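[1] Quick one, structure for this:
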Amino acid sequence: MDKVEFQAKMMFFIMCKSLEEIAKVDEDLQEEMEDFDGKIQWKIASFKGYQVIEEGKYSFKMDEEIDDADLTMIIEKAEVARGFFSGEVDATSAYMSGDLKIEGDLQLAMGFGALAEFIQDYLEPIRG
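    Numbers count the residues shown, from 1 in each chain. Purely as a prediction, here's the structure:
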């Protein structure tokens, strides 16, 4: 794994862990998550992971796949993934250009996009 891919993997972990931690304290995010049920498989360059949000509960795993994903998000290029997880690459643009492939429930993908924006907005002041 090269440096860019490692950075993308760490940013994926930060996104997942941030969602977990913010959901513990933020009532607005808790409400958003109550309306969201799904299992999201990520395939990013040479690594993978998944997220599960069900009945307002959140969990994630790194370096594993889930058998019954509702949605699979695929980003083959590590540099695109790094930009995606940092917020520099817009999901819609990445999808339209083919850099982000989505398999499964497109409505779920759009709902997850709202959660991802919530995380980005929450972390923006920290990033500076």
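
[2] what's the burial count for residue 124?
    Neighbour count of residue 124, defined by other C-beta atoms under 10 Å: 10. In short, each C-beta sits where N, CA and C put it, glycine included.

[3] For stretch 47-54, buried residues please.
    Residues of stretch 47-54 classed as buried: 47-53 (neighbour count, 16 or more other C-beta atoms under 10 Å).

[4] Pull the residues that contact the helix or strand bottoming out on mean pLDDT in the chain.
    Lowest on mean pLDDT, DSSP states H and E among the helices and strands of the chain sits helix 106-127, with a mean of 79. The contact list for helix 106-127 (C-beta atoms under 8 Å, 6 or more residues apart in numbering) reads 15, 18-19, 22, 26, 28-29, 32-33, 35-36, 38, 40, 53, 70-71, 73, 87, 91, 102.

[5] wait, is residue 7 part of a helix?
    Yes: Residue 7 forms part of a helix when assessed by DSSP: H, G, I helix; E, B strand; the rest coil.

[6] What is the burial count for residue 59?
    That count, for residue 59 with other C-beta under 10 Å as the rule, works out to 12.

[7] Can you give me the distance of the residue nearest to it when sequence neighbours are not counted to residue 3?
    Excluding its sequence neighbours, the residue lying closest to residue 59 (C-beta to C-beta, 6 or more residues apart in numbering) is residue 52, at 5.0 Å. Applying C-beta to C-beta, to the nearest Å, the value for residue 52 to residue 3 is 30 Å.
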